[in-house]
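Q: Structure for the following, please:
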Amino acid sequence: MKIQKSAEDYLEAMLMLKEKHGYIRSIDIAGQLGVTKPSVSYATKRLRENGYISMGADGMITLTDTGMEIASRIYERHKLLTEILVKLGVDEAVAREDACKLEHDLSVESFDAIRESAKKLL
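A: Numbering: from 1, shown residues only. Sure thing, here's the model as predicted:
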């Protein structure tokens, strides 16, 4: 399943907000990602059209099963890569930023190998 990096970032942010607050609102996504409300409106329209999210009449956003699958995969990668980098001595802020770059480009095979190796490291 091929999806653009920006869409992955939005879905991951939505999952993080859902875990933190129990709900997802456009204004919170803008704050989480440091983007404008119009940018969020454009992105959520595309995500909705592609079946990754649904939006209620109250403006609340819900991840569909497909959207949740993608968000969970990216978020798992982000958390594990951040944890590994911190364990290796990288500053936590730098580790989070670098993990965000890496999480999108790793193949499934490479990430699976990293996950297995991390069991020994962590």
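
Q: what comes up buried for the strand or helix carrying residue 97?
A: If you go by DSSP states H and E, residue 97 is part of helix 92-105. Across helix 92-105, burial judged by 16 or more other CB atoms under 10 Å covers 95-96, 99-100, 102-104. The way it works is simple: take the backbone N, C-alpha and C, and place the C-beta from them, glycine included.

Q: Distance from the chain centre to that helix, please.
A: On the basis of CA atoms, centre = their mean, to the nearest Å, helix 92-105 sits 11 Å off its chain's mean C-alpha point.

Q: So what touches it?
A: 5, 8-9, 74, 77-79, 81-82, 85-86, 90 (CB atoms under 8 Å, 6 or more residues apart in numbering).

Q: Out of these, flag the one nearest to residue 112.
A: Of all the contacts of helix 92-105, residue 112 sits closest to residue 77, with 10.8 Å by CB to CB.

Q: buried residues in the one helix or strand that closest one maps to?
A: Assigned by DSSP H and E, residue 77 belongs to helix 65-87. For helix 65-87, the neighbour count (16+ other CB under 10 Å) marks 67-68, 70-71, 73-75, 77-78, 80-86 as buried.

Q: between the buried residues of helix 92-105, which is closest to residue 27?
A: Closest to residue 27 out of the buried residues of helix 92-105 is residue 100 (21.6 Å), distances taken as CB to CB.

Q: What residue spans form the domains of this structure?
A: 5-69, 73-121 (automatic domain parsing).

Q: tell me the most buried of the ones you listed?
A: Comparing the domains of the chain by mean neighbour count (mean count of other CB atoms under 10 Å), domain 5-69 comes out on top with a mean of 16.

Q: related to what we said a few turns ago, now pLDDT and distance to residue 56 too, for the contacts of helix 92-105, in JSON lines please.
A: Formatted as JSON lines, these follow (pLDDT from 0 to 100; distance: CB to CB, whole Å):
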{"residue": "5", "pLDDT": "88", "distance to residue 56": "27"}
{"residue": "8", "pLDDT": "93", "distance to residue 56": "23"}
{"residue": "9", "pLDDT": "94", "distance to residue 56": "22"}
{"residue": "74", "pLDDT": "94", "distance to residue 56": "24"}
{"residue": "77", "pLDDT": "95", "distance to residue 56": "29"}
{"residue": "78", "pLDDT": "94", "distance to residue 56": "27"}
{"residue": "79", "pLDDT": "95", "distance to residue 56": "28"}
{"residue": "81", "pLDDT": "95", "distance to residue 56": "33"}
{"residue": "82", "pLDDT": "96", "distance to residue 56": "32"}
{"residue": "85", "pLDDT": "94", "distance to residue 56": "37"}
{"residue": "86", "pLDDT": "95", "distance to residue 56": "37"}
{"residue": "90", "pLDDT": "96", "distance to residue 56": "40"}
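
Q: This completes my enquiry, with thanks.
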